[in-house]
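*Asks:* Below is the sequence, then the predicted model.
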Amino acid sequence: PAWAPDGGELVFCDSNTTNADRGKNLWLVHSDGSGLRQISGFTDTTNGFPHGAIWSPDDSTLVSAGTIFGTNGLWLIPLTPNHRECDGAPILLPTSPGDAIDFAGSIVVAPPATRVAEQSPEFFIRQNANAVVVYWSTNYVGFTLQSASSIAGSGWTTISGPISVAGAFNEYAESFATLQSQKFFRLAYTGTTNGPP
């Protein structure tokens, strides 16, 4: 089990056996014992979190060594602001090849002046019968969709939506009837999300 940075909640894993290496699902509970809630719901014999999880420094995400979708690794499990459930799909962190990863032991945060390199989101555009659809993975949180009539300059404006979720992608559709003859789209990292996560 691991306490949240503010000491207000505890994350722990359950098990159907007394073996310490057989954790399955993650649970959260308030420090006074109230508000017990299950975060994951694995029932198979492959997936799970054998040794629980730790918290990100801002308590918005759980970090766990485990197996999800049959893939072992270090996983980020984003939480909704009220910590009632997951906030989007789990994110597999890149790790070096080798033995299976057993534990997530600690998190070292870079000094504020250091900018951590971020992986650019995959960004796509397709045409439907009546519209152009701009879409990107829901794994990339904190990016805002913007458009401009010219790729140069500072004329980028935020597109407020509607942005919908279709499977694993955020989607924005603009009909041919309203589309300009030339229009550019981009994702800008603003640290906030417009539309669905």
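*Replies:* All right, it came through fine.
*Asks:* Who are the contact partners of the nearest residue to residue 52 once chain neighbours are set aside?
*Replies:* Sequence neighbours aside, residue 13 is the residue nearest to residue 52 in space, at 4.3 Å (criterion: CB to CB, 6 or more residues apart in numbering). (C-beta placed from N, C-alpha, C; glycine too.) By CB atoms under 8 Å, 6 or more residues apart in numbering, the contact set of residue 13 is 23, 24, 25, 26, 27, 48, 49, 50, 51, 52, 53.
*Asks:* For residue 33, see how far away the first one is.
*Replies:* Right, the one you point to is residue 23. 20 Å (CB to CB, to the nearest Å).
*Asks:* Between the two, point out the one with more neighbours.
*Replies:* residue 23 (21 against 8; other CB atoms under 10 Å).
*Asks:* I am assuming that one contacts residue 51, so please confirm or correct that.
*Replies:* Yes: Residue 23 is in contact with residue 51 according to CB atoms under 8 Å; the separation is 5.8 Å.
*Asks:* who does the residue nearest to residue 52 bridge with?
*Replies:* Using DSSP bridges, the bridge partners assigned to residue 13 are residue 26.
*Asks:* element containing residue 146?
*Replies:* Here residue 146, judged by DSSP states H and E, is contained in strand 143-148.
*Asks:* Now do that strand, average pLDDT.
*Replies:* Averaged across strand 143-148, pLDDT comes to 87.
*Asks:* Quick check: which helices or strands does the helix or strand following that strand pack against?
*Replies:* For strand 143-148, the succeeding helix or strand toward the C-terminus, using DSSP H and E, is strand 157-158. Helices and strands touching strand 157-158, as assessed by 3 or more CB pairs under 8 Å, 6 or more residues apart in numbering; DSSP states H and E, comprise strand 143-148.
*Asks:* Show me what the strand it packs on is packed against.
*Replies:* strand 157-158, strand 184-189.
*Asks:* List the neighbouring strands of it plus their orientation.
*Replies:* When pairing is defined by DSSP bridges, strand 143-148 lines up against strand 157-158 (antiparallel), strand 184-189 (antiparallel).
*Asks:* how far does the shortest one sit from the chain's center?
*Replies:* It stands for strand 157-158. Relative to its parent chain, strand 157-158 has a centroid offset of 23 Å by CA atoms, centre = their mean, to the nearest Å.
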